[in-house]
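Visitor: fold the following and give me the result.
(2 chains)
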Amino acid sequence: GENVEQHPSTLSVQEGDSAVIKCTYSDSASNYFPWYKQELGKRPQLIIDIRSNVGEKKDQRIAVTLNKTAKHFSLHITETQPEDSAVYFCAALRPGYSTLTFGKGTMLLVSP
Amino acid sequence: GAGVSQSPRYKVAKRGQDVALRCDPISGHVSLFWYQQALGQGPEFLTYFQNEAQLDKSGLPSDRFFAERPEGSVSTLKIQRTQQEDSAVYLCASSDGTAFSGNTIYFGEGSWLTVV
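Guide: You can find the predicted model right below:
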């Protein structure tokens, strides 16, 4: 089955710095890669996603890059703010399968 | 409703007790998913419904777990004879597309189950 590895498990940055979270996936047929943000005790919320026909996508301070050859994708957050502190999950979807496979999550802490 | 709604939000069950967790998806959403999220882990797939049809239940950990969506809207996840390892957050999610299309999946707040 699909296997998604996510690194780092925790990330501490100062406000204003950039943060990068990386994920690798095992099945080259996977074609949809969303990122979810989950605050403590809250629901996971989609923040950005990318499909396999695109190499990069940006939405304000958030960007995602995809390298299909290497089977990895990354989340980039610029100008981090304390409210960015949360757990971030990457995921991958294989065509014909019902479900997303999630990484184990990265706890991001942005210090003022 | 505006989002996916789950109840109860918190449930403490004694070992051996049966529990039922309810999910109200976003109105009109075809797809409904159940995930299990252990502390400090990512969501793990349990089962998937397309309307009332349960198309995939490969993630259900044992035959003590049962899910239904009889009218294609509200879904119930039932856990029989709960055990301590069942303690987790049970997340429900819905989507207006099919699972295979990569449409956005919207999550509920989850039902936190603690088995003592």
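Visitor: buried sites along stretch B:53-69?
Guide: B:54, B:56-57, B:59-60, B:65, B:67, B:69 (16 or more other Cβ atoms under 10 Å in any protein chain shown). Quick note: C-beta positions are derived from backbone N, CA and C, even for glycine.
Visitor: dump these to TSV, plus pLDDT, distance to A:Met107 and secondary structure.
Guide: As requested, the buried residues of stretch B:53-69 are exported to TSV (pLDDT from 0 to 100; distance: Cβ to Cβ, whole Å; DSSP: H, G, I helix; E, B strand; the rest coil):
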residue	pLDDT	distance to A:Met107	secondary structure
B:Gln54	96	34	strand
B:Asp56	93	30	strand
B:Lys57	94	31	coil
B:Gly59	94	25	coil
B:Leu60	96	29	coil
B:Phe65	98	29	strand
B:Ala67	98	30	strand
B:Arg69	97	33	coil
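Visitor: between the residues you listed, which is nearest chain A?
Guide: Of all the buried residues of stretch B:53-69, the one with the least separation from chain A (Cβ to the nearest Cβ) is B:Asp56, at 4.0 Å.
Visitor: so that closest one sits against B:Gln50, correct?
Guide: No. Judged on Cβ atoms under 8 Å, B:Asp56 makes no contact with B:Gln50 at a distance of 9.1 Å.
Visitor: returning to what we had before: which ones among the buried residues of stretch B:53-69 also lie next to chain A?
Guide: B:56, B:59 (Cβ under 8 Å from any Cβ of the partner chain).
Visitor: surely A:Lys57 is in contact with A:Ile48?
Guide: Yes. Counting by Cβ under 8 Å, A:Ile48 is a contact partner of A:Lys57 at 6.4 Å.
Visitor: so which residues on chain B come close to chain A?
Guide: So chain B meets chain A at B:3-4, B:33, B:40-45, B:48, B:55-56, B:59, B:91, B:99-100, B:102, B:104-110 (Cβ under 8 Å from any Cβ).
Visitor: how far does stretch B:10-20 stretch from start to finish?
Guide: End-to-end distance for stretch B:10-20, by Cα to Cα, to the nearest Å: 12 Å.
Visitor: now that stretch: buried residues?
Guide: B:11, B:13, B:19.
Visitor: quick check: neighbours shared by A:Lys57 and A:Ile48?
Guide: Both A:Lys57 and A:Ile48 are contacted by A:63-64, under the criterion Cβ atoms under 8 Å, 6 or more residues apart in numbering or on different chains.
Visitor: which one's more surrounded, these two?
Guide: A:Ile48 (19 against 15; other Cβ atoms under 10 Å in any protein chain shown).
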